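Q: Quick one, fold the following:
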Amino acid sequence: MAGAAVTPPGTPSPAALRRWRRRLADEREEAKVYRSLAGRRTGEEREILLGLAEAEERHAAHWATLLGDEVGPPQRGEFRMRMLAWLARHFGSVFVLALAQRAETRSPYDTDLDATRAMAADERVHEEVVRGLAARGRARVSGTFRAAVFGANDGLVSNLALVLGVSGGGVSSEAVLLTGLAGLLAGALSMGAGEYVSVRSQRELLEASTPDPTAHTAVPELDVDANELALVYRARGMPAEEAERHAANLLQHYPSRLETPGGADAGSDVIGTGIGAAMSSFCFFATGAAIPVLPFLFGLTETAALIVACVLVGLALLLTGAIVGVLSGGPPLRRGLRQLIIGLGAAAVTYGLGLLFGASLG
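A: Numbering: from 1, shown residues only. Below you'll find the model as predicted:
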């Protein structure tokens, strides 16, 4: 009777070989992601991304060494890594960095006995590096993106609630359509104007706190000592001892400008421009508010139109919530479901109130 095949001692099992090949393919794909992102960056960010790519290639070399002659033909990595690589090649946006951050959090090396402790530590550090790079990207788009996301969500929820509330009151489909279009235009204009005023006010507050760029010209004429000049820096938030040293150094070696800690320019860059935020808010609110109206525009009426409107808005809320989740580094599905529950819940309450008032007025 023939016995079962036995793997010789020291010889990796077929399952181990498959796992090593999969790890090798994933590391190669991850290195491609970082190299593709680096190709769309310059300066320090490019160097950081290339450093990450080199680290992933070292990890790939570890698995290739373990495989030895069993390395086999090159394999494709996991679908999510291939998708990341494709996005990095074609877009290179903050979304890719946010997705890469989530990918780093799912590293299996903490529990993989064939990975070294250094590799597991590398992946934890990579997560923090990518988090920092993603934070830079989020800061660059936060002003306009915030206006876009809130504008789209407000348009979706408020106009769906308006359409459902009016429908619950028992008015005709034509009246619902007119109300929805009026709500779209009024809401978009209100959102755009409000966002412009909000961003302009924030920028003006920052500008009011910005040091006078010509203040340094008064330094040679100052009739003060280092202790008094230190008050300038302490007023700007610098610790007392550091302010004393800075003031003494300034009076001893007068520079070409009066240095101050921090600056408002970076803050204003994060906030964005008033016009940009207003246009973004207007366009995205109008886009979101148009979705509940579409069924009525295409001739659907009454219950059918309301059901289609709710389905379309629900899908849009899931999408916007997932996008926010990706950018914030959170779970996209959970954020999408949260948006869906809140949005449809608000619309359902409005519809109920419409039914109540419609019945009382009828």
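Q: and M238, what are its phi and psi?
A: Note on M238: its backbone torsions stand at phi -80, psi 140 [degrees, to the nearest 10].
Q: pLDDT wise, what is it at?
A: Looking at M238, its pLDDT reads 78.
Q: Which residue comes closest to A304 once chain neighbours are left out?
A: Nearest residue to A304, sequence neighbours excluded (CB to CB, 6 or more residues apart in numbering): P295, at 7.3 Å. The C-beta positions use only the backbone N, C-alpha and C, and glycine is treated the same way.
Q: what about L315, how many residues close to it?
A: Neighbour count of L315, defined by other CB atoms under 10 Å: 13.
Q: secondary structure element for it?
A: Taking DSSP states H and E as the definition, L315 sits inside helix 302-328.
Q: Could you give me the buried positions within the very next helix or strand once past that helix?
A: Past helix 302-328, further along toward the C-terminus, the next helix or strand under DSSP H and E is helix 332-361. Buried positions in helix 332-361, judged by neighbour count with 16 or more other CB atoms under 10 Å: 332, 335-340, 343-344, 347, 350-351, 354-355, 358.
Q: cool, and stretch 231-238?
A: The neighbour-count check on stretch 231-238 (16+ other CB under 10 Å) flags V232, Y233, R234, M238 as buried.
Q: Show the contacting residues for the nearest residue to R338 once chain neighbours are set aside.
A: Nearest non-adjacent residue to R338, counting by CB to CB, 6+ apart: G321, 6.1 Å away. Residues near G321 by CB atoms under 8 Å, 6 or more residues apart in numbering: P332, R335, G336, L337, R338, Q339, L340.
Q: And L24, by the same measure?
A: Going by CB under 8 Å, 6+ apart, L24 touches A60, W63, A64, L67, V71, Q75.
Q: could those be laid out in a markdown table, adding pLDDT and neighbour count?
A: Shown next, in a markdown table, are the contacts of L24 (pLDDT from 0 to 100; neighbours: other CB atoms under 10 Å):
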| residue | pLDDT | neighbour count |
| --- | --- | --- |
| A60 | 90 | 19 |
| W63 | 91 | 22 |
| A64 | 90 | 17 |
| L67 | 88 | 17 |
| V71 | 81 | 16 |
| Q75 | 79 | 14 |
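Q: Mark which of the residues you listed are part of helices, please.
A: A60, W63, A64, L67 (DSSP state H).
Q: A115: which of these is nearest?
A: W63 (8.7 Å; CB to CB).
Q: what's the closest non-adjacent residue to the closest one?
A: L24 (3.9 Å).
Q: tell me which element the one you found falls in.
A: Per DSSP H and E: helix 14-38 holds L24.
Q: Just the buried residues of that helix, please?
A: Applying 16+ other CB under 10 Å to helix 14-38 flags 16-17, 19-38 as buried.
Q: any idea how far it is from the chain center?
A: 25 Å (CA atoms, centre = their mean, to the nearest Å).
Q: and that helix, average pLDDT?
A: Mean pLDDT, helix 14-38: 87.
Q: hmm, back to that, and the two most separated of the buried residues of helix 332-361?
A: Top of the distance list for the buried residues of helix 332-361 (CB to CB): P332 and G358, 38.2 Å.
Q: Who are the contact partners of the residue nearest to A304?
A: By CB under 8 Å, 6+ apart, the neighbours of P295 are A304, A305, L306, V308, A309, L312.
Q: How about N159?
A: By CB under 8 Å, 6+ apart, the contact list for N159 reads G180, G183, L184, G187, G288, A289, A290, I291, P292, V293.
Q: with those residues in mind, which one is nearest to I48?
A: G288 (36.2 Å).
Q: Tell me how many other residues surround that closest one.
A: For G288, the tally of surrounding residues (other CB under 10 Å) stands at 30.
Q: tell me which element it is part of?
A: Going by DSSP H and E, G288 is in helix 274-290.
Q: need the contact list for the closest residue in space to H126 that isn't next to it in sequence.
A: Leaving out its chain neighbours, the residue that sits closest to H126 by CB to CB, 6+ apart is E104, at 5.0 Å. Contact analysis of E104 by CB under 8 Å, 6+ apart lists E123, H126, E127, V130.
Q: Ok, L294 next?
A: By CB under 8 Å, 6+ apart, the neighbours of L294 are V308, A309, L312.
Q: ok, the first one to E56 distance?
A: Relative to E56, V308 is positioned 46 Å away (CB to CB, to the nearest Å).
Q: who has more neighbours, the two?
A: E56 (22 against 16).
Q: That one: which element?
A: helix 43-67.
Q: Okay, L344 and D122: tell me how far apart.
A: Taking CB to CB, one finds L344 at 43 Å from D122.
Q: swap in L164?
A: Applying CB to CB, the value for L164 to D122 is 52 Å.
Q: With neighbour numbers in mind, choose between those two.
A: Between L164 and D122, L164 has the larger neighbour count (other CB under 10 Å), namely 27 against 20.
Q: Let me see the contact set for the more buried one.
A: L306, A309, C310, A347, A348, T350, Y351, G354.
Q: what mean pLDDT does the helix or strand where P295 lies have?
A: Assessed by DSSP H and E, P295 sits inside helix 294-297. Taken as a whole, helix 294-297 carries a mean pLDDT of 88.
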